[in-house]
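Student: Give me the fold of what follows.
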Amino acid sequence: MSIHRRIAAPPGLTAGALILTALTASTAAHAATGTTLYASPTGSGSACTITAPCSLTGAQSAVRSANASMATDITVYLRGGTYTESSPLAFGPRDSGTGGHTVNWTAYPGETPVLSGARQVTGFTPYDSGKNIYRAAVPSGTQSRQLFVNGVRAQRARGPLNPAGFTLSGSSFTTADGSYAGFTNQSQIEVVDNNAWKQMRCPLQSITATSGGGSSLHVDPACFANNNTSVPNPGYPFNGAGLPTLNGVSWIENAYQLLTQPGQFYLDGNAGYLYYIPRSGEDLATADVELPTTQELLDLSGTPGHLAPANDTDPRAAYAGAWATSTGRAYGDLGGDVHYTTTNGDSVSFTFVGSGLQVLSEVAPDEGAVDVYVDGVKTQSVSASAPTRLAQQAIVSVTGLAKHSHIVKLVKTSGTYMLVDGFTVVPDVEAPVQNISFQGVTFAYSTWNQPSSSGYVDNQAGVLWDPVSHAPIRIPAAVQVHRGSGIGFTRDTFTHLGGTGVDLADGTQNSSVVGSIVTDASGGGVSLGEADDYYQTQTALMTSGDTVSNNTISDVGQDYQDAVGVWAGFTRTAVVANNDIGHTPYSGISLGWGWGWASCTLKYTTCHHGNDYAGGNQITGNSVHDVMRVLNDGGPIYTLGGQGGGDAGMTSVLSGNVVAEGNHTNNMLYHDEGSSYWNTHDNVVRFGGSNWMCMWISTIHDITIHDNYADNANYCNNGTNITFNQATIVSGGAWPNAAQAVIAAAGPSAQYRPLTGRIDDDEPTIAYTGSWFASGTRGYGDFNDGVHATSVNGDAASYTFTGTGIQVLGERNSDQGNVEIFVDGVSQGQVDTSATSRRAQQVLYNAQGLTPGSHTIQIVKRSGSWTTLDGFEVTRTVNDNDAALGYTGSWSSSTGRGLGDYGDDVHVTTTDGDSVTVSFYGTGIAFLTETNTDEGAVAVSLDGASQGTVNAYAATRHAQQTLYQASNLALGYHTLTLTKAGGSYLLVDRFDIN
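Tutor: Sure, this is the predicted structure:
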């Protein structure tokens, strides 16, 4: 499905709002204002009106003019259409809401604005008819790692998975296959290795023929060193330990000679050509082919930006006196070394440009007092004396300086030692970008090209090592927030991305991603916090108070398979709640970083003691399913590093979650290295994992486990000071009422849950009784590449739905047998699911024309070796009062009319321009309402594109009439909006979704 939209005619607007609109569906946007400001159609001038719309930057300029003295919120309506971005739309502090008010950038009712970083490619012609390869010209120098055709991700040309015959020799992979030596553009080819929890990528330097007629693939030396011989391992508290390494071949990628399968592409940017093999049914003369060329679509950045410590060896540090250095201590020093002195009066001076400085040291019984001078003036005295040795402590914080050059000097005045471990410069004043919201906006089509030149140097969960500095970095996001406060994303869509969806980074506080859809991302879904600000003691510079809730996150990690649905590093009081997270190659939720508070080495030999500011975080009410599809050593919910440090009220909570279908999961609830101060309770664990819970090493400590439910009794508990209560173990799917309540409540609340007619087999409210198990990544064409199956006759699966019809989807094969179907407790007879060959996503049973309302279908295995369930296709009935429907305007409800309304109720409006919006996942939708003499025209928009009008006028009253219907849509997310355009009334009675 294309996300380019036609532009609907503008209905009336709220007075005083700023209005932003697109003149055409694929050109730059233009905007207008309903105030005294006006703008020309070309975007010149400073005014924005509905009739003279200005550009995105023009609207931004108008906001800046208005927000200096905001007396109320400002709303910028984004009209439907595609806003092509060659560089990110950049917001800073001067774009912020002021005076406690918010600047709201929101979709115009019934329309779909899309911020796109793609170039539309046309002009394909046959290039190699034998292989069905087509070619189109693109500007020379074009770079991208992604391509989307009609809204479907194409695969970069690649060879077979886990090819046999490759041997690592030095930094080269050799094979007896001599064809590789003839590959063109060899420095653009990549070798990919999925190893344990990591994915590693390196470009090749060249390919040469071997003396025996084979090929030797020479990996780029710098990248090979980073991923094999010199894997970054900067020490405590950065996790990683240098393992595993790139030592095998999962596949070879990005060579024209590997372009063999439908849906694959190859971009030769230097020559200016894009090559593609169309899938069945794709007509490249009419297809929407989108080549992303922009990394970032939206950037909101306050100051001071990213903060990272510099080592004590930094050349800006001048040591005076009898200082010495010490390396290789077992205490967890930054970079594995420190400067120290035993002489009172010795000093260190650090020269920098900025507004503040933090000095990292050690606290211990043998440390003493330090005098602090700023630009020659003594400003404070601090003490590094403490009863317990702790590494990397910010003993000095200098703040509030004017932004220019300063010298901070530290002088030893007492104690046995004074120690210096690092310095963090605060380069600018604290000025967050704040009080800005985005609602109903689609962010689509981005890329990220760094791996093409320097490879992918993985650490874990989308956290990488910079290829040069070896500092921790992360996969960039299409929507990036740095030093934000009060930034909100509500009911937005992040899709078709070459990196992560959205990132609340660098001390962003009190910001949120709510009720949004994140899908089809090369990297992760939503990220919070940082991996290197663990030492922070200034609350204003911490990541805190952020919320990720009621989102649907799926199919992330499309390219970088170590990525996760929600990642949070060092955060405080974050809430990750009621999300639906599924179909990920690695973990679903990963919270915490570093090897934690009072962490030890993996081999128990020494302990590195430190602390971090993380704590008070909540992971609650999430449904996490079908994860760990590719990599190992992760889980549906995974934690790492310390929480709380024992501070009162800072214990973190993991509760009310449903985790299921673990695939390659060793642990379903996984408190890993250094995890501490968690209260883990009232979770439901089913279908997967060697252990329902694991704490595998003594550095995991001070965790309470209680009142959980699992269908697997296995666990591991090697932690320290763990209060462990075994879960209530359930067999045969007989979940107690308390567990069923957790299952029913998990995932997005009703108003944010996408309505759907396609129910996957991993839907948590499907009741499996008996010996069912989940089987994922079979590669047989299953819906979402997974099924549930049983070999035991009498095992059953039941699902309760509200609708008028249902189909049972499963597999037909020679090892399948008969199943008996029950609808509302009445047998519909047995169905033979056998076939001579395997066929996936087959309709095993179909019931239509049911009375609108609640029904229960049950499938029971009766014969054959296996029964396989792939899901249900429901013709779902959605009443007018469903919480997921979005009404805009002056609607009211009317109940008990006795006129034949579904549910005996309707929603009604008398105002033209009022609208109702329904977002759904499926292939079709029908709108049923009343027709009568006082009804009139209704404007219809589907996925932001006008469908014209339908008329509810009739000579006599008729209830529950189908006024509009759309079918045969691409299976996916869609939005239907109905707007009153005539007559006395518009009534909404029900929607049917399939």
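Student: use CA for all of it now, contacts and neighbours both
Tutor: Fine.
Student: Gly525 is in contact with Gly498, correct?
Tutor: No - if you go by C-alpha atoms under 8 Å, Gly498 and Gly525 don't touch, sitting 11.3 Å apart.
Student: quick one, helices of the stretch 451-600 of the chain?
Tutor: Under the criterion DSSP state H, counting those that start in this stretch, the stretch 451-600 of the chain carries no helices.
Student: So, low pLDDT: which residues of it?
Tutor: 596-600 (pLDDT under 70).
Student: Show me where this structure dips below the pLDDT cut-off.
Tutor: Within the chain, the ranges that satisfy pLDDT under 70 run 1-53, 239-240, 596-608, 645-646.
Student: distance between the strand ranked longest in the chain and the chain's centre?
Tutor: Counting by DSSP state E, the longest strand found in the chain is strand 796-812. Chain-centre distance of strand 796-812: 30 Å, with C-alpha atoms, centre = their mean, to the nearest Å.
Student: do stretch 385-400 as well
Tutor: 35 Å.
Student: Helices of the stretch 801-950 of the chain, start to end?
Tutor: Using DSSP H, counting those that start in this stretch, helices in the stretch 801-950 of the chain do not occur.
Student: now swap in the stretch 651-800 of the chain and tell me
Tutor: According to DSSP H, counting those that start in this stretch, the helices that the stretch 651-800 of the chain contains are 737-745.
Student: For Ile703, give the beta-bridge partners.
Tutor: The partner list for Ile703 in beta bridges (DSSP bridges) reads Trp678, Ile722.
Student: Could you measure from it over to Gly948?
Tutor: Going from Ile703 to Gly948 by C-alpha to C-alpha, to the nearest Å gives 59 Å.
Student: repeat for Tyr752
Tutor: As judged by C-alpha to C-alpha, Tyr752 and Gly948 stand 28 Å apart.
Student: what's the answer for Leu357, then?
Tutor: Leu357 is 61 Å from Gly948, by C-alpha to C-alpha.
Student: Which one's more surrounded, the two?
Tutor: Remark: of Leu357 and Gly948, Leu357 carries more neighbours, 25 against 12, as counted by other C-alpha atoms under 10 Å.
Student: My read is that that one contacts Val429, right?
Tutor: No - Leu357 is not in contact with Val429 according to C-alpha under 8 Å; the separation is 11.6 Å.
Student: Can you get me the start-to-end distance on stretch 663-671?
Tutor: Distance across stretch 663-671, first residue to last, is 18 Å (C-alpha to C-alpha).
Student: Contacts for that stretch, please.
Tutor: For stretch 663-671, contacts defined as C-alpha atoms under 8 Å, 6 or more residues apart in numbering pick out 626-640, 659-660, 662, 685, 688-695, 700, 774-777.
Student: Swap in 7 Å and give it another go.
Tutor: 626-629, 631-640, 659, 662, 688-695, 776 (C-alpha atoms under 7 Å, 6 or more residues apart in numbering).
Student: Tell me if Asn226 really is in a helix.
Tutor: Yes - counting by DSSP: H, G, I helix; E, B strand; the rest coil, Asn226 falls inside a helix.
Student: Quick check: it touching Val457?
Tutor: Yes - Asn226 is within contact range of Val457, at 6.4 Å (criterion: C-alpha atoms under 7 Å).
Student: Any chance you could list residues touching both of the two?
Tutor: What both Asn226 and Val457 touch, as defined by C-alpha under 7 Å, 6+ apart, is the set Pro467.
Student: So between the two, which is more surrounded?
Tutor: Val457 (31 against 27).
Student: measure that one to Gly803 for me?
Tutor: Look at Val457 and Gly803: by C-alpha to C-alpha, they are 49 Å apart.
Student: OK, contacts around Thr424?
Tutor: Thr424 makes contact with 307-310, 357-359, according to C-alpha under 7 Å, 6+ apart.
Student: Dump the residues you listed to a markdown table, plus secondary structure and distance to Gly92.
Tutor: A markdown table is the format used below for the contacts of Thr424 (DSSP: H, G, I helix; E, B strand; the rest coil; distance: C-alpha to C-alpha, whole Å):
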| residue | secondary structure | distance to Gly92 |
| --- | --- | --- |
| Leu307 | coil | 18 |
| Ala308 | coil | 21 |
| Pro309 | coil | 24 |
| Ala310 | strand | 27 |
| Leu357 | strand | 23 |
| Gln358 | strand | 25 |
| Val359 | strand | 28 |
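Student: Considering those residues, which possesses the most neighbours?
Tutor: Leu357 (25 neighbours).
Student: tell me which residues form a beta bridge with the residue nearest to Ala710 when sequence neighbours are not counted?
Tutor: Excluding the flanking residues, the one nearest Ala710 by C-alpha to C-alpha, 6 or more residues apart in numbering is Val685, at 4.6 Å. Judged by DSSP bridges, the bridge partners of Val685 are Val659, Ala710.
Student: Number of residues surrounding Val685?
Tutor: Other residues within reach of Val685, judged by other C-alpha under 10 Å, total 30.
Student: For it, which residues are in contact?
Tutor: When contacts are counted by C-alpha under 7 Å, 6+ apart, Val685 touches 658-660, 692, 709-711.
Student: Out of these, flag the one nearest to Asp760.
Tutor: Ala660 (12.9 Å; C-alpha to C-alpha).
Student: wait, isn't that closest one in contact with Gly688?
Tutor: Yes - taking C-alpha under 7 Å as the definition, Ala660 is a contact partner of Gly688 at 6.3 Å.
Student: returning to what we had before: tabulate the contacts of Val685 (CSV), appending distance to His671 and neighbour count.
Tutor: Output for those, formatted as CSV (distance: C-alpha to C-alpha, whole Å; neighbours: other C-alpha atoms under 10 Å):
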residue, distance to His671, neighbour count
Val658, 16, 29
Val659, 14, 31
Ala660, 17, 27
Trp692, 11, 30
Tyr709, 17, 26
Ala710, 16, 27
Asp711, 19, 20
